[in-house]
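Student: Just a sequence and a predicted model for now, questions to come.
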Amino acid sequence: MAYADQQMSSNRVVAIIIVALLHVLIGYTLVTGLAYEAAKSVVERVTTIDVEEPEEPEPEE
């Protein structure tokens with residue numbers, strides 16, 4: 001029997017399906033995790049204030 005004539009076993013088909021699903025899951029996670037618009041909206045809502053540092057006291061001699 002030639003290598004090309006061999007049938008795919010059910011275990012191999014299941015493994016290929018699992019690997020394909022993992023790739024889809026990783027791709028979805030990357031796309032949603034790196035969503036630029038969501039990160040941009042969070043940054044726009046952040047408020048900042050200037051904190052004034054106290055003046056240093058004069059050194060005593």
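Tutor: Here it is on my side, so go on.
Student: Checking residue 57 next. Helix, strand or coil?
Tutor: Per DSSP: H, G, I helix; E, B strand; the rest coil, the secondary structure class of residue 57 is coil.
Student: ranges for the strands of this protein?
Tutor: Using DSSP state E, no strands are assigned anywhere in the chain.
Student: now the helix or strand bottoming out on mean pLDDT in the chain, how far from the centre of its chain.
Tutor: Taking mean pLDDT, DSSP states H and E as the measure, the helix or strand of the chain with the lowest value is helix 36-45, at a mean of 71. Helix 36-45 sits 16 Å away from the centroid of its parent chain (Cα atoms, centre = their mean, to the nearest Å).
Student: what distance separates stretch 44-61 from the middle of the whole chain?
Tutor: The answer for stretch 44-61 is 36 Å, by Cα atoms, centre = their mean.
Student: Restricting to C-alpha, output it in PDB.
Tutor: Provided in PDB are the C-alpha atoms of stretch 44-61 (Å, rounded to 0.1, in the frame of the first residue of the first chain):
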ATOM      1  CA  GLU A  44      -9.900  59.300  26.900                       C
ATOM      2  CA  ARG A  45     -11.700  58.800  30.200                       C
ATOM      3  CA  VAL A  46      -8.600  59.000  32.400                       C
ATOM      4  CA  THR A  47      -8.200  62.300  34.200                       C
ATOM      5  CA  THR A  48      -4.900  63.600  35.300                       C
ATOM      6  CA  ILE A  49      -3.900  66.300  37.800                       C
ATOM      7  CA  ASP A  50      -0.600  68.100  38.400                       C
ATOM      8  CA  VAL A  51       0.900  67.400  41.800                       C
ATOM      9  CA  GLU A  52       3.000  70.200  43.100                       C
ATOM     10  CA  GLU A  53       6.100  69.000  45.000                       C
ATOM     11  CA  PRO A  54       6.800  70.800  48.300                       C
ATOM     12  CA  GLU A  55       9.800  73.100  48.400                       C
ATOM     13  CA  GLU A  56      12.900  71.700  50.000                       C
ATOM     14  CA  PRO A  57      13.800  73.300  53.300                       C
ATOM     15  CA  GLU A  58      16.900  75.400  53.500                       C
ATOM     16  CA  PRO A  59      19.900  73.400  54.800                       C
ATOM     17  CA  GLU A  60      20.900  74.300  58.300                       C
ATOM     18  CA  GLU A  61      24.500  75.200  58.800                       C
END
